[in-house]
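Asks: Generate a structure from the sequence data that follows.
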Amino acid sequence: MTSLNTLNNHKSKKIRVGRGIGSGKGKTSGRGVKGQKSRSGVAIKSFEGGQMPLYRRLPKRGFNPINKKDVGVINLGDLQKLIDAKKISADAKININTLKKSKVFRKSINKFKVLSNGEFNLKIDIEADYSSKTAKDKIEKAGGQITVKNHS
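Replies: Numbers count the residues shown, from 1 in each chain. Below you'll find the predicted structure:
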């Protein structure tokens, strides 16, 4: 059994390079002979021995935001055309699910905004995530109503 006073506080000596032939690391200090790597202050950064470096193997990212919000945009004129073409019903409440089912938006879009471009004169009930003021005014002027969800 060992006691605390018999434990060995063994600390290995740091190798001092360039301190003569007897040290084992004298003359060239373990750097070999000549060449760029034997000089001081030189490092070949990201060189992987001829293998394609990691920074070139990975795809470019650019300035694409990682957490971008996919917000679909629909104009009132487009809504009018969809209702006229009987793709969506003006009687039912129009929301994101209705527009996804009628293939107006792809599945990855989770929010949408109503904009006021185009002619519009139908009484509809719509539930959107965002809306422009003029789109809201046009819908209410035509006798419909729009519900804008609150987002923090």
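
Asks: okay, CA-based contacts and neighbour counts for the rest of this
Replies: OK.

Asks: Determine which residue lies closest to the centroid of the chain.
Replies: Ile66 (0.4 Å; Cα atoms, centre = their mean).

Asks: And it, what's its pLDDT?
Replies: Looking at Ile66, its pLDDT is 81.

Asks: Ok, the one 5 residues further on next?
Replies: In the predicted model, Val71 carries a pLDDT score of 88.

Asks: same thing with His151?
Replies: 63.

Asks: same deal with Ile124?
Replies: At Ile124, pLDDT is 89.

Asks: neighbours around the residue lying closest to it once chain neighbours are set aside, how many?
Replies: Sequence neighbours aside, Gly144 is the residue nearest to Ile124 in space, at 4.6 Å (criterion: Cα to Cα, 6 or more residues apart in numbering). By other Cα atoms under 10 Å, 17 other residues sit near Gly144.

Asks: tell me the contacts of Gly144?
Replies: 122-125 (Cα atoms under 8 Å, 6 or more residues apart in numbering).

Asks: any idea which of these is closest to Lys149?
Replies: Asp125 (13.7 Å; Cα to Cα).

Asks: pretty sure that closest one is touching Ala92, no?
Replies: Yes. Using Cα atoms under 8 Å, Asp125 is in contact with Ala92, at 7.2 Å.

Asks: How is Phe112 classified with respect to secondary structure?
Replies: strand (DSSP: H, G, I helix; E, B strand; the rest coil).

Asks: now the spatially closest residue to it that is not a sequence neighbour, what's its secondary structure?
Replies: Setting aside the residues directly before and after it, Phe112 is nearest to Gly72 in space (Cα to Cα, 6+ apart), at 4.3 Å. The three-state assignment at Gly72 reads strand, by three-state DSSP.
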